[in-house]
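> Have a look at this prediction, sequence included:
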Amino acid sequence: MGRLNKALKKILTDPDSALDIRNLKYLPRWAVLLIDLTLVSISAVFTIFILLDLSPVQYEFLNYFEKAMLVVGTNLLFFFVFKTYAGIIRYSSNIDALKLLLATSGTFVTLMAINYIVYFGFGEKIFLTGGLLINLWVSFSLLFLFRLGVKQVYEYFKLLQKNQSLVNAVILGADENAISIAGALELEHPRRFKIVGFLTNKPQRSLRILDKPVIANSRKLYEGVKSLGAEAIILSEHSYSPEEKFKIVEKCLEHDILVYNAPLVSSWEDNQPIAQSVKSLQIEDLLERDPIQLEVQNKIDQLTGKTILVTGAAGSIGSEIVRQVAEYNPERVIILDQAETPLHNLQLEVESKFPDLNFKVIICDVGNQKRLEVLFQNYKIDVLYHAAAYKHVPLMESNPHEAVFVNIQGTKNLADLAVRYGVGHFVMVSTDKAVNPSNVMGASKRAAEMYVQSLFHEQVRLGDVQTKFITTRFGNVLGSNGSVVPLFKEQIEKGGPVTITHPDIIRYFMTIPEACQLVLEAGAMGKGGEIFVFDMGEPVKIMDLAIKMIKLAGYQPNKHIKVRITGLRPGEKLYEELLNDECSTLPTHHKKIMIGQDVVRNYALINEKIEKIINSATKLKNDKVVAKLKELIPEFKSNNSSYERLDAVTELKKK
């Protein structure tokens, strides 16, 4: 008998047991509705039996089955009106009880109305008034007790939960969203958090919420957290600016307090456990800035009803440009890239998210001039967003000819064809590494910038501007392919080490949507020949970024996760710039976008030098390619690279 009891207890309480009631999924809405209809049917039958026992007089306008169907059908109508089936039973609240009361009362009033309409029309009632009152009371009681019973049974099994380590956490905030999060986390299975209190900026003495204390969020936030015996804080208020949130997290990380982020209750998905919606704060949450306010009409004028070509469309920036352009109802979007699998994935995404979008997917290398020309012949392109590029610094340092073929020759092919076929706007996505470049990748992008600028001014000189060439320049993009944040995440998940090339290296960061919004904005405001520079905010020290990411993941740097310095990679420098010494800036109507006033270059000279660079690249002679890049771009000084010897030779010649 003792063994049997132990077995039963294990079945009931083991979290891995298939019979554990806490492992049951949420009941679908149709199942809740079916149960409710069953309960009101039972109520109708129960009412009939009571009336048969209490009163010998019964109305016979309808038989008992017809009466029961009328009662059930009216209840069904009001279940739909008040959506009594829409809630999660285990989280039933006073609001759900009120909905049930309104639904059953609505049924009572409707049946009473039908009763007297029939009476005045046919001289006989359908129901006894007392019978309707009894049915109201019985049906509401059954519906309410069903929900209460499920909730209590769930609570009972939850109390049997053993050997589960919970994170003691406080909720930052005391508004409705915070209270809903706390209540849901207390009921959730499997539980991750034990809510021990609330922190609020407007405390009241002796105030308690859900029987949890509410204390002041003082300047020494960590003291409040520790006083409640908590080891984590859950951010529930979404009124904080990114800067305020950053300060809060800074204080928490300094005192080894875990930080989690909770979404708005209105954004919770019905089929996702609440605990899974509360996630560790991501570094992206801290680096994001306030939402950008953009001028919409200028992009509507430029993109709506137009044919748009996006090169490099399968990449991080290109794919986001496609998504944003699709929102402006273009006539056609041409999606071009040479990467087959990412392009296929993007095609499936666009088909799913934008079913009405007219788009064409083309696999093509931008270095293939003949293939591109067929494309321009077949489609009258109005706007071209050029995001195709090789961008990894060490790889391009080892393969400079490939950087030339894609970043320089590819840009030249597209630019020449844009002029020849009358493309209205050519928007080139560049990089801060093009400023005073220290590597081949940055130099190749600078050469591309110089070419499109000089081509625009050549059109102006000839008095025949076919295409407005606009360059956009910004720094690192959070979450883009190959960027440092996804790399650090992967290294942390694997247990480290987190590798940093230099302890003093700094970088500018911007989110992918933000960068692409500004690309579209600059493209719409550009008159031609400009280099638009984006406000990237404050630079971020990569060492600090790595340490914060390790702490946000719940680990101690150099204790649980090692931080290893690997040394600067070929071509890498400690900091990036957005403008060179010769370039000044002008403001625009948007505070985050400036115009870099660059020196106007002679097209014939630039074209001649670029042709020589391309010819050298076809011979796969790396030194000659880099040497000719340095001739075109005098400020190109190699750093931590084998090509530094070319700079030394140049200096000797000057002497």
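Happy to help now that I have it.
> what ranges do the strands span in the stretch 451-600 of the chain?
For the stretch 451-600 of the chain, the strands defined by DSSP state E, counting those that start in this stretch cover 468-474, 476-478, 498-500, 506-507, 509-511, 531-534, 540-541, 563-565, 584-587, 593-597.
> For these, which has the smallest mean pLDDT value?
Sorting the strands of the stretch 451-600 of the chain by mean pLDDT places strand 584-587 lowest, at a mean of 62.
> on that earlier part again, would CSV of the strands of the stretch 451-600 of the chain with distance to Leu552 be doable?
Any C-beta I mention is one placed from the backbone N, CA and C, and that applies to glycine too. Below are these laid out as CSV (distance: least, Cβ to Cβ, whole Å):
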stretch, distance to Leu552
strand 468-474, 25
strand 476-478, 14
strand 498-500, 12
strand 506-507, 18
strand 509-511, 16
strand 531-534, 26
strand 540-541, 14
strand 563-565, 14
strand 584-587, 35
strand 593-597, 31
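> Out of these, which is closest to Thr110?
strand 509-511 (53.6 Å; Cβ to Cβ).
> Check which helices and strands the closest one sits against.
helix 283-287, strand 476-478 (3 or more Cβ pairs under 8 Å, 6 or more residues apart in numbering; DSSP states H and E).
> per-residue confidence averaged over the first one?
Per-residue confidence for helix 283-287 averages out to 62 on the pLDDT scale.
> Kindly list the single helix or strand of the chain that scores lowest on mean pLDDT.
helix 2-13 (a mean of 46; mean pLDDT, DSSP states H and E).
> Might you list the low-confidence residue ranges for the stretch 101-250 of the chain?
In the predicted model of the stretch 101-250 of the chain, residues 154-165, 187-190, 202-206, 217-222, 237-244 satisfy pLDDT under 70.
> The same query, at a cut-off of 50, please.
Counting by pLDDT under 50, the low-confidence segments of the stretch 101-250 of the chain come to 162-163.
> would you say Gly229 is within a helix?
No - judged by DSSP: H, G, I helix; E, B strand; the rest coil, Gly229 forms no part of a helix; its state is coil.
> Quick check: phi and psi on it?
phi 70, psi 30 (degrees, to the nearest 10).
> what does His425 give?
phi -130, psi 130.
> which residue sits closest to it, ignoring its sequence neighbours?
With Cβ to Cβ, 6 or more residues apart in numbering as the criterion, His425 has its nearest non-adjacent residue at 4.7 Å, and that residue is Val383.
> Pull up the per-residue confidence for that neighbour.
Value for Val383, per-residue pLDDT: 94.
> which non-adjacent residue is nearest Glu530?
Nearest to Glu530 is Ile595, by Cβ to Cβ, 6+ apart, at 4.9 Å.
> and if you look at Ile506?
Pro539 (4.4 Å).
> Pretty sure the one you found sits against Arg507.
Yes - under the criterion of Cβ atoms under 8 Å, Pro539 makes contact with Arg507 at 6.5 Å.
> who's more crowded, the two?
Just comparing Pro539 and Arg507: by other Cβ atoms under 10 Å the higher neighbour count belongs to Arg507, 18 against 14.
> Now do the more buried one against Val138, distance only.
69 Å (Cβ to Cβ, to the nearest Å).
> for the most centrally placed residue in the chain, what are its contacts?
In the chain, the residue lying closest to the centroid (Cα atoms, centre = their mean) is Pro513, at 9.1 Å. Neighbour list for Pro513: 320, 324 [criterion: Cβ atoms under 8 Å, 6 or more residues apart in numbering].
> burial count for the spatially closest residue to Lys212 that is not a sequence neighbour?
Nearest in space to Lys212, with sequence neighbours left out and distances taken as Cβ to Cβ, 6+ apart, is Gly197 at 4.8 Å. Residues near Gly197, counting by other Cβ under 10 Å, number 24.
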